[in-house]
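Novice: mind folding the following:
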Amino acid sequence: MIENLGSTKRCLFVSTVCVYAIGTAALFSACGSEGTEASGGAGGSGGSGASGGSGSVVVPIQPGEPGNPDGQCPIPAEAQLEDVSSPTTVVGTGTPESCTPDAFIAAVAAGGIITFNCGPDPATITLTKPAKVFNDKGPKIVIDGGGKVILSGGGTTRILYMNTCDESQVWTTSHCQDQDTPQLTVQNLTFANANSKNETTYDGGGAIWVRGGRFKVVNSRFINNVCADSGPDVGGGGIRVFSQYNNLPVYVVNSTFGGSDGVGNVCSNGGGISSIGVSWTILNSLFSYNHAIGNGGNPATSGTPGGGSGGAIYNDGNTMTLSLCGVRIEYNQVVAFGSAIFFVTNDHTGNIVIDRSVITNNIGGSWYTQYPQISAHDDTPITVTDSTIK
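Specialist: Residues are numbered from 1 along each chain as shown. Got it, this is the predicted structure:
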(Lines give C-alpha, C1' and ligand atoms only; values in the text may rest on other atoms or scores of the structure.)
Protein backbone atom coordinates (compact mmCIF):
# COMPACT_ATOMS: atom_id res chain seq x y z
CA MET A 1 0.00 0.00 0.00
CA ILE A 2 1.25 3.48 -0.84
CA GLU A 3 1.71 5.50 2.34
CA ASN A 4 -0.97 8.19 2.72
CA LEU A 5 0.17 11.64 1.73
CA GLY A 6 0.38 13.67 4.88
CA SER A 7 -0.54 10.55 6.80
CA THR A 8 -0.47 10.32 10.55
CA LYS A 9 1.38 7.73 12.56
CA ARG A 10 -0.47 4.48 13.13
CA CYS A 11 0.12 2.15 16.05
CA LEU A 12 -0.07 -1.54 16.95
CA PHE A 13 -2.79 -2.75 19.29
CA VAL A 14 -2.67 -6.26 20.75
CA SER A 15 -4.77 -7.33 23.71
CA THR A 16 -7.94 -9.21 24.58
CA VAL A 17 -11.32 -8.49 26.07
CA CYS A 18 -13.93 -10.75 27.62
CA VAL A 19 -17.41 -10.60 26.14
CA TYR A 20 -20.57 -11.41 28.06
CA ALA A 21 -23.72 -11.58 25.91
CA ILE A 22 -27.31 -11.83 27.06
CA GLY A 23 -29.89 -12.07 24.30
CA THR A 24 -29.68 -9.06 22.01
CA ALA A 25 -27.95 -6.90 24.60
CA ALA A 26 -24.33 -7.29 25.54
CA LEU A 27 -22.32 -6.58 28.63
CA PHE A 28 -18.58 -6.54 28.43
CA SER A 29 -15.69 -6.53 30.86
CA ALA A 30 -12.02 -6.05 30.22
CA CYS A 31 -9.42 -8.64 31.08
CA GLY A 32 -5.67 -8.83 30.76
CA SER A 33 -3.73 -9.67 27.66
CA GLU A 34 -3.42 -13.24 28.90
CA GLY A 35 -7.17 -13.88 29.36
CA THR A 36 -8.47 -17.43 29.08
CA GLU A 37 -11.52 -18.68 27.27
CA ALA A 38 -14.54 -19.51 29.41
CA SER A 39 -17.45 -21.79 28.71
CA GLY A 40 -20.26 -20.64 26.47
CA GLY A 41 -19.89 -17.96 23.85
CA ALA A 42 -21.10 -14.66 22.50
CA GLY A 43 -21.84 -15.55 18.96
CA GLY A 44 -24.15 -14.40 16.23
CA SER A 45 -23.70 -13.12 12.73
CA GLY A 46 -22.28 -9.64 12.89
CA GLY A 47 -21.33 -10.20 16.52
CA SER A 48 -21.01 -7.53 19.19
CA GLY A 49 -23.78 -9.15 21.16
CA ALA A 50 -26.35 -8.55 18.43
CA SER A 51 -27.36 -12.16 18.92
CA GLY A 52 -25.96 -15.06 20.86
CA GLY A 53 -26.08 -17.05 24.06
CA SER A 54 -24.90 -16.66 27.61
CA GLY A 55 -21.39 -17.24 28.89
CA SER A 56 -18.11 -15.53 28.05
CA VAL A 57 -15.38 -15.83 25.50
CA VAL A 58 -12.11 -14.03 25.05
CA VAL A 59 -12.15 -11.96 21.86
CA PRO A 60 -8.77 -10.75 20.60
CA ILE A 61 -8.42 -7.17 19.50
CA GLN A 62 -7.15 -7.29 15.96
CA PRO A 63 -3.40 -6.87 15.70
CA GLY A 64 -1.99 -4.30 13.34
CA GLU A 65 -2.97 -0.79 12.53
CA PRO A 66 -6.49 0.61 12.98
CA GLY A 67 -8.31 1.97 9.97
CA ASN A 68 -8.80 0.83 6.39
CA PRO A 69 -5.53 -0.71 5.13
CA ASP A 70 -6.52 0.20 1.58
CA GLY A 71 -7.25 3.85 2.40
CA GLN A 72 -4.88 6.21 0.62
CA CYS A 73 -6.50 9.60 1.01
CA PRO A 74 -4.39 12.58 2.09
CA ILE A 75 -4.86 13.84 5.64
CA PRO A 76 -5.25 17.62 6.05
CA ALA A 77 -3.06 19.27 8.65
CA GLU A 78 -5.91 19.92 11.08
CA ALA A 79 -6.87 16.23 11.03
CA GLN A 80 -3.44 14.86 11.88
CA LEU A 81 -2.09 13.71 15.21
CA GLU A 82 -1.71 16.33 17.90
CA ASP A 83 1.75 16.95 19.36
CA VAL A 84 2.07 15.25 22.76
CA SER A 85 5.79 15.76 23.31
CA SER A 86 5.17 17.99 26.34
CA PRO A 87 2.32 16.36 28.26
CA THR A 88 0.40 18.12 31.00
CA THR A 89 -0.24 14.82 32.77
CA VAL A 90 1.29 11.38 32.40
CA VAL A 91 -1.02 8.67 33.73
CA GLY A 92 1.00 5.91 35.40
CA THR A 93 4.57 5.48 36.60
CA GLY A 94 5.70 2.59 34.44
CA THR A 95 3.52 -0.33 35.55
CA PRO A 96 -0.01 -1.44 34.60
CA GLU A 97 -1.06 -1.17 38.26
CA SER A 98 -0.13 2.52 38.32
CA CYS A 99 -2.53 3.28 35.46
CA THR A 100 -5.67 3.48 37.56
CA PRO A 101 -9.12 4.67 36.49
CA ASP A 102 -8.98 7.40 39.13
CA ALA A 103 -5.70 8.69 37.71
CA PHE A 104 -7.18 8.79 34.22
CA ILE A 105 -10.37 10.53 35.35
CA ALA A 106 -8.33 13.13 37.25
CA ALA A 107 -6.11 13.72 34.22
CA VAL A 108 -9.13 14.36 31.97
CA ALA A 109 -10.62 16.73 34.56
CA ALA A 110 -7.35 18.68 34.65
CA GLY A 111 -7.26 18.99 30.88
CA GLY A 112 -4.31 19.67 28.60
CA ILE A 113 -2.24 16.93 27.01
CA ILE A 114 -2.59 13.46 28.54
CA THR A 115 -0.27 10.52 27.86
CA PHE A 116 0.34 7.19 29.60
CA ASN A 117 3.25 5.29 31.14
CA CYS A 118 1.79 1.87 31.94
CA GLY A 119 4.82 -0.25 31.06
CA PRO A 120 5.99 -1.87 27.84
CA ASP A 121 2.92 -4.03 27.22
CA PRO A 122 -0.67 -3.14 26.35
CA ALA A 123 -2.62 -2.04 29.42
CA THR A 124 -6.35 -1.93 30.10
CA ILE A 125 -7.87 0.77 32.31
CA THR A 126 -11.37 -0.25 33.37
CA LEU A 127 -13.63 2.58 34.47
CA THR A 128 -16.67 2.46 36.74
CA LYS A 129 -17.78 5.99 35.79
CA PRO A 130 -17.09 8.29 32.83
CA ALA A 131 -14.12 10.62 32.62
CA LYS A 132 -15.54 14.13 32.14
CA VAL A 133 -14.00 17.13 30.43
CA PHE A 134 -14.24 20.48 32.22
CA ASN A 135 -14.88 23.21 29.68
CA ASP A 136 -12.50 25.72 31.27
CA LYS A 137 -9.51 23.36 31.01
CA GLY A 138 -8.74 23.79 27.32
CA PRO A 139 -8.31 25.13 24.84
CA LYS A 140 -6.95 21.77 23.66
CA ILE A 141 -7.48 18.48 25.45
CA VAL A 142 -5.56 15.60 23.88
CA ILE A 143 -5.67 11.99 25.11
CA ASP A 144 -2.96 9.82 23.51
CA GLY A 145 -2.69 6.13 24.36
CA GLY A 146 0.52 5.56 22.42
CA GLY A 147 -1.06 2.54 20.75
CA LYS A 148 -0.90 0.50 23.96
CA VAL A 149 -3.82 1.69 26.12
CA ILE A 150 -7.31 0.20 26.13
CA LEU A 151 -9.93 2.30 27.90
CA SER A 152 -12.74 -0.01 28.98
CA GLY A 153 -16.19 0.73 30.34
CA GLY A 154 -16.29 -2.70 31.95
CA GLY A 155 -19.76 -3.27 30.52
CA THR A 156 -21.26 -0.73 32.93
CA THR A 157 -20.33 2.83 31.96
CA ARG A 158 -19.60 5.30 29.20
CA ILE A 159 -15.89 6.14 28.97
CA LEU A 160 -15.64 9.83 28.01
CA TYR A 161 -18.00 12.82 28.18
CA MET A 162 -17.72 16.45 27.04
CA ASN A 163 -20.62 18.92 27.03
CA THR A 164 -20.18 22.67 26.75
CA CYS A 165 -23.84 23.14 27.72
CA ASP A 166 -23.62 21.17 30.96
CA GLU A 167 -23.34 23.71 33.78
CA SER A 168 -21.77 21.15 36.08
CA GLN A 169 -18.81 20.99 33.67
CA VAL A 170 -18.50 24.83 33.77
CA TRP A 171 -20.16 27.23 31.35
CA THR A 172 -17.52 29.31 29.60
CA THR A 173 -19.62 31.29 27.10
CA SER A 174 -23.16 32.54 26.64
CA HIS A 175 -23.44 30.47 23.45
CA CYS A 176 -22.55 26.97 24.58
CA GLN A 177 -24.05 25.38 21.48
CA ASP A 178 -21.53 27.17 19.21
CA GLN A 179 -18.18 27.76 20.91
CA ASP A 180 -14.73 26.85 19.69
CA THR A 181 -13.37 25.25 22.86
CA PRO A 182 -12.62 22.78 24.30
CA GLN A 183 -11.02 21.05 21.33
CA LEU A 184 -10.94 17.36 22.25
CA THR A 185 -8.75 14.84 20.44
CA VAL A 186 -8.50 11.12 21.16
CA GLN A 187 -5.64 9.35 19.42
CA ASN A 188 -3.78 6.03 19.46
CA LEU A 189 -6.39 4.49 21.77
CA THR A 190 -8.82 1.59 21.96
CA PHE A 191 -12.28 2.21 23.44
CA ALA A 192 -13.88 -1.06 24.47
CA ASN A 193 -16.78 -2.52 26.43
CA ALA A 194 -18.49 0.80 27.17
CA ASN A 195 -22.20 0.83 28.03
CA SER A 196 -24.28 4.03 28.27
CA LYS A 197 -27.68 2.35 28.67
CA ASN A 198 -27.99 3.82 32.16
CA GLU A 199 -27.61 7.38 30.79
CA THR A 200 -31.01 9.02 30.40
CA THR A 201 -30.34 12.77 30.23
CA TYR A 202 -27.48 12.53 27.73
CA ASP A 203 -28.25 9.22 26.09
CA GLY A 204 -26.51 7.39 23.28
CA GLY A 205 -22.76 7.56 22.78
CA GLY A 206 -21.75 4.22 24.21
CA ALA A 207 -18.04 5.07 24.48
CA ILE A 208 -17.93 8.85 23.89
CA TRP A 209 -20.57 11.62 24.08
CA VAL A 210 -19.64 15.12 22.86
CA ARG A 211 -21.47 18.42 22.58
CA GLY A 212 -19.83 21.69 21.56
CA GLY A 213 -16.27 22.78 20.84
CA ARG A 214 -14.41 20.55 18.40
CA PHE A 215 -13.81 16.81 18.36
CA LYS A 216 -11.33 14.61 16.50
CA VAL A 217 -10.49 10.88 16.46
CA VAL A 218 -7.17 9.61 15.08
CA ASN A 219 -5.67 6.11 14.94
CA SER A 220 -8.19 4.59 17.32
CA ARG A 221 -10.43 1.56 17.69
CA PHE A 222 -13.98 1.23 19.02
CA ILE A 223 -15.03 -2.31 19.87
CA ASN A 224 -17.92 -3.88 21.79
CA ASN A 225 -19.45 -0.58 22.89
CA VAL A 226 -23.22 -0.35 23.38
CA CYS A 227 -25.91 2.24 24.02
CA ALA A 228 -29.72 2.20 24.23
CA ASP A 229 -31.41 -0.78 22.55
CA SER A 230 -34.34 1.25 21.24
CA GLY A 231 -35.56 4.77 20.56
CA PRO A 232 -36.22 6.71 17.36
CA ASP A 233 -33.27 9.12 17.51
CA VAL A 234 -30.84 7.82 20.13
CA GLY A 235 -27.63 6.41 18.72
CA GLY A 236 -23.89 5.98 18.53
CA GLY A 237 -22.64 2.70 19.90
CA GLY A 238 -19.16 4.16 19.56
CA ILE A 239 -19.65 7.95 19.46
CA ARG A 240 -22.46 10.51 19.58
CA VAL A 241 -21.81 14.19 18.72
CA PHE A 242 -23.76 17.47 18.75
CA SER A 243 -23.15 21.19 18.15
CA GLN A 244 -19.70 21.52 16.61
CA TYR A 245 -18.29 25.05 16.40
CA ASN A 246 -19.21 26.91 13.20
CA ASN A 247 -20.58 23.64 11.81
CA LEU A 248 -16.99 22.49 11.26
CA PRO A 249 -16.63 18.73 10.78
CA VAL A 250 -15.70 16.01 13.21
CA TYR A 251 -12.60 14.29 11.82
CA VAL A 252 -12.28 10.52 12.06
CA VAL A 253 -8.92 9.39 10.70
CA ASN A 254 -7.30 5.95 10.36
CA SER A 255 -9.77 4.45 12.81
CA THR A 256 -11.82 1.26 13.15
CA PHE A 257 -15.35 0.75 14.44
CA GLY A 258 -15.86 -2.97 14.97
CA GLY A 259 -13.44 -4.57 12.58
CA SER A 260 -14.36 -8.25 12.83
CA ASP A 261 -17.28 -10.50 13.62
CA GLY A 262 -18.03 -10.44 17.32
CA VAL A 263 -16.51 -7.07 18.20
CA GLY A 264 -18.89 -4.57 16.54
CA ASN A 265 -20.65 -1.73 18.33
CA VAL A 266 -24.41 -1.79 18.97
CA CYS A 267 -27.13 0.81 19.55
CA SER A 268 -30.70 1.59 18.58
CA ASN A 269 -29.33 3.69 15.70
CA GLY A 270 -25.83 4.34 14.40
CA GLY A 271 -23.95 1.26 15.45
CA GLY A 272 -20.66 3.07 14.89
CA ILE A 273 -21.40 6.80 15.10
CA SER A 274 -24.44 9.04 15.49
CA SER A 275 -25.06 12.78 15.42
CA ILE A 276 -27.68 15.48 15.07
CA GLY A 277 -26.78 18.53 12.99
CA VAL A 278 -23.09 17.62 12.69
CA SER A 279 -20.80 17.28 9.66
CA TRP A 280 -18.22 14.50 9.49
CA THR A 281 -15.03 14.03 7.48
CA ILE A 282 -14.02 10.38 7.72
CA LEU A 283 -10.70 9.33 6.21
CA ASN A 284 -9.03 5.94 5.68
CA SER A 285 -11.26 4.27 8.26
CA LEU A 286 -13.15 0.98 8.63
CA PHE A 287 -16.71 0.35 9.84
CA SER A 288 -17.71 -3.29 9.99
CA TYR A 289 -19.96 -5.63 11.98
CA ASN A 290 -21.80 -2.83 13.77
CA HIS A 291 -25.53 -3.09 14.47
CA ALA A 292 -28.53 -0.74 14.72
CA ILE A 293 -30.99 -2.90 16.66
CA GLY A 294 -33.97 -0.58 17.31
CA ASN A 295 -37.26 -1.17 15.55
CA GLY A 296 -39.69 1.20 13.88
CA GLY A 297 -37.52 3.98 12.46
CA ASN A 298 -37.80 7.72 13.13
CA PRO A 299 -40.48 8.83 13.77
CA ALA A 300 -41.35 5.49 15.34
CA THR A 301 -43.99 3.46 13.58
CA SER A 302 -47.08 3.02 15.72
CA GLY A 303 -46.63 0.22 18.21
CA THR A 304 -42.83 0.20 18.01
CA PRO A 305 -40.13 1.80 20.19
CA GLY A 306 -38.43 3.30 17.13
CA GLY A 307 -34.91 3.13 15.76
CA GLY A 308 -32.97 0.51 13.88
CA SER A 309 -31.28 2.79 11.30
CA GLY A 310 -27.69 3.45 10.28
CA GLY A 311 -25.71 0.25 10.73
CA ALA A 312 -22.41 2.14 10.61
CA ILE A 313 -23.37 5.85 10.45
CA TYR A 314 -26.48 7.74 11.54
CA ASN A 315 -26.68 11.47 10.62
CA ASP A 316 -29.79 13.54 11.28
CA GLY A 317 -30.21 17.32 11.13
CA ASN A 318 -30.30 20.14 8.60
CA THR A 319 -27.30 21.64 6.78
CA MET A 320 -24.50 19.11 7.14
CA THR A 321 -22.02 17.15 5.05
CA LEU A 322 -20.89 13.57 5.37
CA SER A 323 -17.57 13.20 3.56
CA LEU A 324 -15.93 9.80 3.16
CA CYS A 325 -12.54 9.19 1.56
CA GLY A 326 -10.64 5.93 1.72
CA VAL A 327 -13.37 4.40 3.87
CA ARG A 328 -14.60 0.81 3.90
CA ILE A 329 -18.10 0.07 5.26
CA GLU A 330 -19.11 -3.61 5.27
CA TYR A 331 -21.08 -6.27 7.16
CA ASN A 332 -23.03 -3.78 9.24
CA GLN A 333 -26.67 -4.60 9.93
CA VAL A 334 -29.96 -2.80 10.56
CA VAL A 335 -33.61 -3.48 11.23
CA ALA A 336 -35.12 -0.37 9.63
CA PHE A 337 -33.12 1.86 7.24
CA GLY A 338 -29.59 2.51 6.00
CA SER A 339 -27.61 -0.68 6.52
CA ALA A 340 -24.43 1.34 5.91
CA ILE A 341 -25.52 4.99 6.19
CA PHE A 342 -28.66 6.76 7.36
CA PHE A 343 -28.51 10.44 6.36
CA VAL A 344 -31.58 12.65 6.75
CA THR A 345 -31.30 16.38 6.23
CA ASN A 346 -34.65 17.71 7.37
CA ASP A 347 -34.50 20.96 5.38
CA HIS A 348 -32.95 19.18 2.36
CA THR A 349 -29.73 21.25 2.47
CA GLY A 350 -27.20 18.55 3.39
CA ASN A 351 -25.04 16.42 1.12
CA ILE A 352 -22.87 13.29 1.00
CA VAL A 353 -19.46 12.99 -0.70
CA ILE A 354 -17.97 9.51 -1.23
CA ASP A 355 -14.48 9.20 -2.73
CA ARG A 356 -12.20 6.17 -3.11
CA SER A 357 -14.38 4.15 -0.75
CA VAL A 358 -16.10 0.76 -0.64
CA ILE A 359 -19.61 0.19 0.72
CA THR A 360 -20.62 -3.43 0.40
CA ASN A 361 -22.31 -6.43 2.03
CA ASN A 362 -24.25 -4.43 4.58
CA ILE A 363 -27.42 -6.17 5.65
CA GLY A 364 -31.10 -5.31 6.04
CA GLY A 365 -33.27 -2.23 5.86
CA SER A 366 -35.09 -0.40 3.10
CA TRP A 367 -35.68 3.12 1.71
CA TYR A 368 -32.72 3.07 -0.66
CA THR A 369 -33.61 5.98 -2.93
CA GLN A 370 -30.35 6.44 -4.86
CA TYR A 371 -27.80 3.83 -3.83
CA PRO A 372 -28.02 0.49 -2.06
CA GLN A 373 -27.26 0.55 1.67
CA ILE A 374 -27.60 4.36 1.89
CA SER A 375 -30.89 5.81 3.12
CA ALA A 376 -31.41 9.47 2.25
CA HIS A 377 -34.00 11.72 0.64
CA ASP A 378 -34.14 11.31 -3.11
CA ASP A 379 -33.07 14.95 -3.56
CA THR A 380 -30.01 14.69 -1.27
CA PRO A 381 -26.91 15.33 -3.39
CA ILE A 382 -24.65 12.27 -3.23
CA THR A 383 -21.36 12.69 -5.12
CA VAL A 384 -19.54 9.40 -5.74
CA THR A 385 -16.07 9.12 -7.32
CA ASP A 386 -13.77 6.10 -7.73
CA SER A 387 -15.89 4.10 -5.28
CA THR A 388 -17.77 0.81 -5.07
CA ILE A 389 -21.30 0.68 -3.66
CA LYS A 390 -22.98 -2.69 -4.07
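
Novice: quick one: low-confidence ranges for this protein?
Specialist: Confidence mapping of the chain against pLDDT under 70 gives the ranges 1-62.

Novice: for it, longest strand please?
Specialist: Secondary structure of the chain read by DSSP state E shows that its longest strand is strand 140-152.

Novice: other SSEs contacting that strand?
Specialist: Strand 140-152 makes packing contacts with strand 25-30, helix 101-110, strand 112-116, strand 123-126, strand 160-163, strand 183-192 when contacts are defined by 3 or more CB pairs under 8 Å, 6 or more residues apart in numbering; DSSP states H and E. All C-beta spots, glycine's among them, are computed from the backbone N, C-alpha and C.

Novice: run the last query once more with 7 Å
Specialist: strand 112-116, strand 123-126, strand 183-192 (3 or more CB pairs under 7 Å, 6 or more residues apart in numbering; DSSP states H and E).

Novice: can you give me the distance of the spatially most central residue of the chain to Asn346?
Specialist: The structure's the chain has its C-alpha centroid closest to Gly238; by CA atoms, centre = their mean the separation is 3.1 Å. To Asn346, Gly238 is 24 Å away according to CB to CB, to the nearest Å.

Novice: so where does His377 fall, helix or strand?
Specialist: With elements delineated by DSSP states H and E, His377 resides in a region that no helix or strand encompasses.

Novice: ok, now which ones touch it?
Specialist: Remark: with contacts taken as CB atoms under 7 Å, 6 or more residues apart in numbering, His377 is in contact with Val344, Thr345, His348, Thr369.

Novice: and those residues, which of them are buried?
Specialist: With burial judged by 16 or more other CB atoms under 10 Å, the buried subset of these is Val344, Thr345.

Novice: next step: the contacts of His377 restricted to strands.
Specialist: With strands defined by DSSP E, the entries of those inside them are Val344, Thr345.

Novice: phi and psi next, for the residue nearest to the centre of the chain.
Specialist: Backbone geometry at Gly238, expressed as degrees, to the nearest 10, gives phi -90, psi -60.

Novice: I'd say it and Gly205 touch.
Specialist: No - applying CB atoms under 7 Å, one finds Gly238 not in contact with Gly205, separated by 8.1 Å.

Novice: number of nearby residues for the residue lying closest to Pro232 once chain neighbours are set aside?
Specialist: Of all residues not flanking Pro232 in the chain, Gly306 sits nearest, at 3.1 Å (CB to CB, 6 or more residues apart in numbering). Counted with other CB atoms under 10 Å, the burial measure for Gly306 works out to 21 neighbours.

Novice: report the contact partners of Gly306.
Specialist: With contact taken as CB under 7 Å, 6+ apart, Gly306 is in contact with Ser230, Gly231, Pro232, Gly294, Gly296, Gly297, Asn298, Pro299, Ala300.

Novice: what pairs with it across the strands?
Specialist: Asn295 (DSSP bridges).

Novice: what's the answer for Arg214, then?
Specialist: For Arg214, the beta-bridge partners are Gln183 (DSSP bridges).

Novice: return the distance of it relative to Val250.
Specialist: As judged by CB to CB, Arg214 and Val250 stand 8 Å apart.

Novice: between those two, which contacts overlap?
Specialist: Between them, Arg214 and Val250 have Gln244 as joint contacts when contacts are counted by CB under 7 Å, 6+ apart.

Novice: quick one: which of the two has more around it?
Specialist: Arg214 (23 against 20).

Novice: isn't the more buried one up against Gln244?
Specialist: Yes - contact criterion CB under 7 Å: Arg214 and Gln244 qualify, at 6.2 Å.

Novice: contacts only, for Thr128.
Specialist: For Thr128, the contacting residues are Pro101, Gly154, Thr156, Thr157, taking CB under 7 Å, 6+ apart as the criterion.

Novice: repeat that with 10 Å
Specialist: Pro101, Asp102, Ile105, Gly153, Gly154, Thr156, Thr157 (CB atoms under 10 Å, 6 or more residues apart in numbering).
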